[in-house]
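**Q** Requesting a structural model of the entry that follows:
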Amino acid sequence: MRTLVGSILLTISQWYAFFLFSQLSFIEFNVVIGSIIFVLGFIARMLGSIIFGYIGDRVNRRVALILTDVTLAISSIIVLIPNNIYPLIISRLLQGLSLGGEWGGASTIIIEVYSEHKFRGFITSLLQLSVPIGIILSSLTILVINYYVIYWPYSFLAVTFLSLLSLLLVRDVSTQKVARSKTQPLLEAIRHDWANILKSIGIKISESANFYIFTSYIFTKSSSISFLSLIVIISISFQLFLIPLFGYLSDLVGRRKVIIIGLILMMTAGIVLTRNLLPGEILMSVSDSALYAPQSSIFTEIFDKKYRFTASNFSYQVASILGGSLAPVLLRTNQSSLLLITLSYVLVTFISVILITETKGKKI
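**A** The predicted model follows:
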């Protein structure tokens, strides 16, 4: 239980920091600078998946997790340096590196600890709750900053506190002894399991686009920042019970069927959001819950334990660049059709889900 709680708290602090910076990039900066800061975080996440994945697969899962925690704390301190864009860029890069290694690390540790559990899909979905909790915290922070006219970098002091608190819990997490990869884990994964990497990227890509459209791109709308923050908080709150529900359903009917439900909902959400803001946001949140809940289990169940940490992380982060960073930027800079972009991503994920092998009940 200590392992689960520590991993969840650390993942909350990671997502809180990343979402806060992502939302601020649409609020505090012009289109060019804001887009650069926004996208840099995603690129760094991919690099972090490689760096910390190597440590997790070749050295120790726990060591990798602790290092991601320390990196997050450092990044949150650097952002406090005033009146200079370069510390912000460095902070964003470190933040992305940290998250890029942490999500897959926490997921791998949890799935290995509960590998024999009948409802491991539900258990790993509890880790996914870190995302709605993180976005609720970041949106509330935006509300406070906007209402009290607070110097926004000060908000990252809360991230520093959370990361140090989580360090007290994850420093003693128990991890399985792993058969270490003989070569660079990412190269071995690409050589022996490239098909599953591509399928995993395809599964993640539409959920990532969905999420950052309704939580970050939404701040480009003409309504007030406070009003938009409230809409995001209301919409994301549905995920607090829907993610565990869809995680539980993935143990009953299978991971693939739950994702297909999410794709159907996402297509509907793309239509509704162009006509009505609040119902569209809520529907986006519901579809995202179905798409996201099984991901921790799928991404760690399909890969060999020799490179599980690296492969799951790398697949997730590459998809986040192609979906999470690209979709909002396209919509913001080119006023692209929301429905067209939504359908494009849904098609990629649908093909990937059809091709992947069901992992429910798979022995790992």
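**Q** Dump stretch 73-82 to PDB, restricted to CA.
**A** Output in PDB follows, covering the C-alpha atoms of stretch 73-82 (Å, rounded to 0.1, in the frame of the first residue of the first chain):
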ATOM      1  CA  ALA A  73      11.900  19.700  -7.300                       C
ATOM      2  CA  ILE A  74      14.900  21.400  -9.000                       C
ATOM      3  CA  SER A  75      12.800  22.400 -12.000                       C
ATOM      4  CA  SER A  76      10.200  24.000  -9.700                       C
ATOM      5  CA  ILE A  77      12.900  26.100  -8.000                       C
ATOM      6  CA  ILE A  78      14.500  27.300 -11.200                       C
ATOM      7  CA  VAL A  79      11.200  28.700 -12.500                       C
ATOM      8  CA  LEU A  80      11.300  31.200  -9.600                       C
ATOM      9  CA  ILE A  81      14.300  33.100 -11.200                       C
ATOM     10  CA  PRO A  82      12.700  36.400 -12.300                       C
END
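**Q** and it, average pLDDT?
**A** Per-residue pLDDT values over stretch 73-82 give a mean of 92.
**Q** what about stretch 72-83, how long is it end to end?
**A** Stretch 72-83 has an end-to-end distance of 21 Å (C-alpha to C-alpha, to the nearest Å).
**Q** Tell me which residues of that stretch come out buried.
**A** 72-79 (16 or more other C-beta atoms under 10 Å). C-beta here means a position set from N, CA and C on the backbone, and glycine is covered the same way.
**Q** Over to stretch 231-238?
**A** 231-233, 235-238.
**Q** So which of the residues you listed are in helices?
**A** Among the buried residues of stretch 231-238, the ones falling in helices (DSSP state H) are 231-233, 235-237.
**Q** which SS class is Asp288?
**A** helix (DSSP: H, G, I helix; E, B strand; the rest coil).
**Q** Start at 75, not 1
**A** With 75 as the first residue, the last one maps to Asp362.
**Q** which residues make contact with stretch 300-309 from outside it?
**A** 209-210, 213-214, 216-217, 220-221, 288-289, 292-293, 295, 351-352, 355-356, 358-359 (C-beta atoms under 8 Å, 6 or more residues apart in numbering).
**Q** if we can go back for a sec, the buried residues of stretch 146-157 in helices, which ones?
**A** Per DSSP H, these map to helices at 146-152.
**Q** Could you save those residues as JSON lines and add columns showing distance to Ser371?
**A** Formatted as JSON lines, these follow (distance: C-beta to C-beta, whole Å):
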{"residue": "Leu146", "distance to Ser371": "24"}
{"residue": "Ala147", "distance to Ser371": "29"}
{"residue": "Ile148", "distance to Ser371": "31"}
{"residue": "Ser149", "distance to Ser371": "29"}
{"residue": "Ser150", "distance to Ser371": "30"}
{"residue": "Ile151", "distance to Ser371": "34"}
{"residue": "Ile152", "distance to Ser371": "34"}
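**Q** between the residues you listed, which is nearest Ser411?
**A** Sorting these by how near they are to Ser411, with C-beta to C-beta, puts Ser149 at the top with 35.3 Å.
**Q** what ranges of the protein fall below the confidence cut-off?
**A** Residues of the chain that meet the criterion pLDDT under 70 lie in 246-256, 296, 409-410.
**Q** Of all the residues in the longest helix along the chain, which ones are buried?
**A** In the chain, assigned by DSSP H, the helix with the most residues is helix 259-289. By neighbour count on 16+ other C-beta under 10 Å, the buried set for helix 259-289 is 259-260, 262-264, 267, 270-271, 273-289.
**Q** One more: stretch 365-374?
**A** So for stretch 365-374, counting by 16+ other C-beta under 10 Å, buried means 365-374.
**Q** With just CA atoms, put it into CSV.
**A** The C-alpha coordinates for stretch 365-374 follow below in CSV (Å, rounded to 0.1, in the frame of the first residue of the first chain):
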residue,chain,number,x,y,z
LEU,A,365,-9.3,6.0,-23.2
TYR,A,366,-6.9,6.7,-20.3
ALA,A,367,-8.0,4.2,-17.6
PRO,A,368,-6.5,1.0,-19.2
GLN,A,369,-3.3,2.6,-20.4
SER,A,370,-1.1,1.9,-17.4
SER,A,371,-2.0,-1.7,-17.6
ILE,A,372,-1.8,-2.1,-21.4
PHE,A,373,1.5,-0.3,-21.7
THR,A,374,3.2,-2.4,-19.1
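**Q** how much space between Pro259 and Leu404?
**A** Taking C-beta to C-beta, to the nearest Å as the measure, Pro259 falls 32 Å from Leu404.
**Q** Revised request: answer the last question for Val332.
**A** 27 Å.
**Q** quick one: which of these two has more around it?
**A** Val332 (28 against 17; other C-beta atoms under 10 Å).
**Q** ok and the helix or strand encompassing that one relative to helix 259-289, angle-wise?
**A** For Val332, the host element (DSSP states H and E) is helix 329-347. Between helix 329-347 and helix 259-289, the angle formed by their directions is 30 degrees, by axes from the mean of the first three to the mean of the last three C-alpha atoms, to 10 degrees.
**Q** Cool, thanks, talk later.
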